[in-house]
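Peer 1: after the sequence you'll find the predicted model.
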Amino acid sequence: MSKADQIFVAMCQDILANGSWDTHLQVRPRWNDGTPAHTIKKFGVVNRYDLQEEFPLLTLRRTYWKSALDELLWIWQKKSNNVHDLSSGIWDAWADENGSIGKAYGYQLGVQHPFGEGVCDQVDHVLWQLKNDPASRRIMTNIYTFADLHEMALAPCAYSMTFNVTGNRLNAILNQRSQDVLAANAWNVSQYALLVHLFAQASGLEAGELVHVIADAHIYDRHVPIIQELIAQKQHEAPKLVIDPSVRDFYAFTKGHFSVENYQFNPFDQKIEVAE
Ligand SMILES: Nc1nc(=O)c2c([nH]1)NC[C@@H]1CN(c3ccc(C(=O)N[C@@H](CCC(=O)O)C(=O)O)cc3)CN21
Ligand SMILES: O=c1ccn([C@H]2C[C@H](O)[C@@H](COP(=O)(O)O)O2)c(=O)[nH]1
């Protein structure tokens, strides 16, 4: 059975049984009809995915992994903040009339900084360190730039990666300040698992472990019945991620270079409203 499903079910059960509601507080997010979108949350959830064991994709319901992976490349490879460069419409609600989401995500990863090896952006600095200084404990990215927060449509949720090389394995910690468990958990986990695979392949390493640290792991009020039904679904074997082994340059990867084989999932097509 898929470990990703087991981790997801355990996290949801824990939030529902032991979490706390923010119903008595003023909250920022709203449902489309203007109602405040309240949540039940757990603080400090840590989920560990062994990428040697499986590609962590939920089988409880279909994860649109092609759209998720497209968003990952939009941020990390294209370093774009414009929804016109994205194939799905998931960021449209946060974009301005030109399609920009402001100085968020891809914009931050494209900013040039002076590093020891020269002036480059955070992504190229990580790739340089993985090849030239794998023993370093400073291989990380951080897009939570306080000076630019006022120019972002939404403050980054998945905001930092810390990479660590152990033997020939590339491990990573994804730090996330806020997680919409139903809309985006499976999405964020599959994205950053793929990123570890791509960085490993570009650096002559193997993907190891992805540790997902979530400060505020929440279920929105209108999502509670959907989550309850979802976690009771049948679990299937995890699918297999296949990446074209000939690609060694991170920027040469395109959607055509990876596929997910034997992806089984339940026909669970409930409409998921996303709070804005
Ligand atoms: N409340 C909230 N939750 C989020 O997950 C979220 C935000 N806001 N704001 C910014 C982005 C946008 N995100 C989104 C938005 C929509 C879907 C979504 O509709 N997913 C559907 C279908 C995806 C598709 O058709 O490709 C799903 O079934 O997962 C997922 C993530 C993640 N982020
Ligand atoms: O990659 C993402 C992007 C966004 N989210 C969710 C987490 C929250 O539900 C909202 C953001 O609202 P804040 O009030 O700024 O926390 O978006 C996600 O889970 N993953």
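Peer 2: Happy to help now that I have it. Numbering: from 1, shown residues only. Ligands and ions are numbered 1, 2, ... in the order given.
Peer 1: where exactly do the strands run in the stretch 101-250 of the chain?
Peer 2: Ranges of strands in the stretch 101-250 of the chain, per DSSP state E, counting those that start in this stretch, are 113-115, 118-120, 140-142, 158-166, 169-180, 206-220, 240-243.
Peer 1: possible to save these as TSV with mean pLDDT, mean neighbour count and distance to ligand 1?
Peer 2: For the C-beta atoms, the positions are set from N, CA and C on the backbone; glycine is no exception. Formatted as TSV, the strands of the stretch 101-250 of the chain follow (pLDDT from 0 to 100; neighbours: other CB atoms under 10 Å; distance: least, CB to the nearest ligand atom, whole Å):
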stretch	mean pLDDT	mean neighbour count	distance to ligand 1
strand 113-115	98	11	26
strand 118-120	98	12	28
strand 140-142	98	16	19
strand 158-166	98	19	9
strand 169-180	98	21	3
strand 206-220	98	21	7
strand 240-243	97	16	18
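Peer 1: of all these, which one is nearest ligand 2?
Peer 2: Set against ligand 2 and scored by CB to the nearest ligand atom, the strands of the stretch 101-250 of the chain come closest in strand 169-180, at 3.2 Å.
Peer 1: check residue 270 and give its pLDDT.
Peer 2: Per-residue pLDDT puts residue 270 at 88.
Peer 1: list the contacts of it.
Peer 2: By CB atoms under 8 Å, 6 or more residues apart in numbering, the contact set of residue 270 is 226, 229.
Peer 1: now the phi/psi pair for it, please.
Peer 2: Main-chain dihedrals, residue 270, degrees, to the nearest 10: phi -70, psi 140.
Peer 1: do the same with residue 100
Peer 2: Per-residue torsions, residue 100: phi -90, psi 140 (degrees, to the nearest 10).
Peer 1: so what's the residue count around the nearest residue to residue 111 once chain neighbours are set aside?
Peer 2: Ranked by CB to CB, 6 or more residues apart in numbering and with sequence neighbours excluded, the top spatial neighbour of residue 111 is residue 121, at 6.1 Å. Number of residues near residue 121 (other CB atoms under 10 Å) recorded here: 16.
Peer 1: check contacts around residue 121.
Peer 2: 79, 109-113.
Peer 1: buried ones among those?
Peer 2: Among the contacts of residue 121, those classed as buried by 16 or more other CB atoms under 10 Å are 79, 109-110.
Peer 1: could I get the full set of helices for this protein?
Peer 2: In the chain, the segments counted as helices under DSSP state H are 3-18, 65-76, 106-110, 122-132, 181-202, 224-231.
Peer 1: can I get these in CSV including distance to ligand 2?
Peer 2: Listed next are these as CSV, based on distance: least, CB to the nearest ligand atom, whole Å:
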stretch, distance to ligand 2
helix 3-18, 13
helix 65-76, 8
helix 106-110, 13
helix 122-132, 17
helix 181-202, 4
helix 224-231, 14
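Peer 1: could those go into TSV alongside mean pLDDT and distance to residue 215?
Peer 2: Output for these, formatted as TSV (pLDDT from 0 to 100; distance: least, CB to CB, whole Å):
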stretch	mean pLDDT	distance to residue 215
helix 3-18	98	13
helix 65-76	95	20
helix 106-110	98	19
helix 122-132	98	21
helix 181-202	98	13
helix 224-231	98	19
